[in-house]
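J.: Everything below, folded, please.
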Amino acid sequence: MDQFIIKPLFGGDTIAWYTPTNASLWMALAVLAIIGLLVLGSSKRAIVPTRMQSIAELAYGFIYKMVEDICGKDGVKYFPYVMTLFMFIVCANFLGLLPLSFTTTSHFAVTTVLALAVFLTVTILGFVLNGTKFLGLFWVSSAPLALRPVLAIIELISYFVRPVSHSIRLAGNVMAGHAVIKVFAGFAAITVISPVSVLAITAMYGLEVLVAFIQAYVFTILTCVYLKDALHPSH
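T.: Predicted coordinates for the structure are as follows:
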């Protein structure tokens, strides 16, 4: 599991909140990758787009349609936040697949902050837009009256569990894939099973490329679902 160890960039053993680490370096590289793709890639817009412009436009259209379909027209104003989340996670995931890189999204410290940001944003937005009507999200009016208090408790618990499941799903899937590749790589030194190990690593790497996108997509679509609850709690 040494591939997940956070280390200071400039030596030393102690890590404080201000210490530059390999995690902060690769998060900064993810931000630079986003700027390079979305800003520089679309700075010279053309009718016949370049590859970078095509990728930027596809990403923009993909997330915009997701927000519009799930949250409705009211949710489009929050598209920049959702787009930022998706691009950061997908870029961090793909950068983590490079040799000798560091996968920031494999750490719960990173995914928990992202999940808590979504949770707090949605909760505050729900009360600001709807006031006490936002609490109607927990009251299942279509259920029998005797069951409503029980369902309200269940809904309340499930609501506060959201950031836990939101963060664990992303970090757990990313960490598991990288750990399995590392295990197969350990068997590559054994001559007898080396070819099988190399094939397994290749297959897992291909799967991880898919997982890198899917997990960013899942995190983003859940964010849109939670945002829809804040915008339309009665639904």
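J.: residue contacts, Ile34?
T.: Ile34 makes contact with 87-88, 91 under the criterion CB atoms under 8 Å, 6 or more residues apart in numbering. From N, CA and C alone the C-beta is placed, and that goes for glycine too.
J.: Among those residues, which ones are in helices?
T.: Of those, the ones assigned to helices by DSSP state H are 87-88, 91.
J.: Would you mind giving these as TSV with pLDDT, distance to Ile15 and neighbour count added?
T.: TSV is the format used below for the ones in helices among the contacts of Ile34 (pLDDT from 0 to 100; distance: CB to CB, whole Å; neighbours: other CB atoms under 10 Å):
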residue	pLDDT	distance to Ile15	neighbour count
Met87	95	27	23
Phe88	96	22	21
Cys91	95	24	24
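J.: Residue ranges in this structure under the pLDDT threshold?
T.: 1, 234-235 (pLDDT under 70).
J.: so which of the ones in helices among the contacts of Ile34 would you say is closest to Leu120?
T.: Phe88 (17.2 Å; CB to CB).
J.: The closest residue to the closest one other than its chain neighbours sits in which helix or strand?
T.: Among residues not flanking Phe88 along the chain, Ala30 sits closest, at 5.9 Å (CB to CB, 6 or more residues apart in numbering). Per DSSP states H and E: Ala30 is located in helix 22-34.
J.: What of Leu145?
T.: Counting by DSSP H and E, Leu145 is found in no helix or strand.
J.: would JSON lines of the contacts of Ile34 with distance to Ser141 be doable?
T.: Output for these, formatted as JSON lines (distance: CB to CB, whole Å):
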{"residue": "Met87", "distance to Ser141": "38"}
{"residue": "Phe88", "distance to Ser141": "38"}
{"residue": "Cys91", "distance to Ser141": "42"}
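J.: just curious, which of these is nearest to Thr220?
T.: Met87 (9.5 Å).
J.: mind checking how far that closest one is from Leu37?
T.: 8 Å (CB to CB, to the nearest Å).
J.: Spit out the residues that contact those two alike.
T.: In contact with both Met87 and Leu37: Ala59, using CB under 8 Å, 6+ apart.
J.: So which residues of the protein form helices?
T.: Under DSSP H, the chain gives helices at 22-34, 51-71, 79-95, 108-130, 148-187, 194-231.
J.: tell me the most buried of these?
T.: helix 79-95 (a mean of 21; mean count of other CB atoms under 10 Å).
J.: can I assume the residue nearest to Phe88 is in contact with Thr103?
T.: No - look at Ala30 against Thr103 with CB atoms under 8 Å: they stay out of range, at 10.5 Å.
J.: Quickly list what's touching both of these two.
T.: With CB under 8 Å, 6+ apart, Ala30 and Thr103 have common neighbours 92, 95.
J.: list the contacts for Pro233?
T.: 126, 130, 133-137.
J.: Tell me how far it lies from Ile47.
T.: For Pro233, the distance to Ile47 - CB to CB - is 44 Å.
J.: Kindly report the same for Met83.
T.: 24 Å.
J.: Torsion angles phi and psi at Pro49?
T.: Per-residue torsions, Pro49: phi -70, psi 150 (degrees, to the nearest 10).
J.: tally of neighbours for it?
T.: 16 (other CB atoms under 10 Å).
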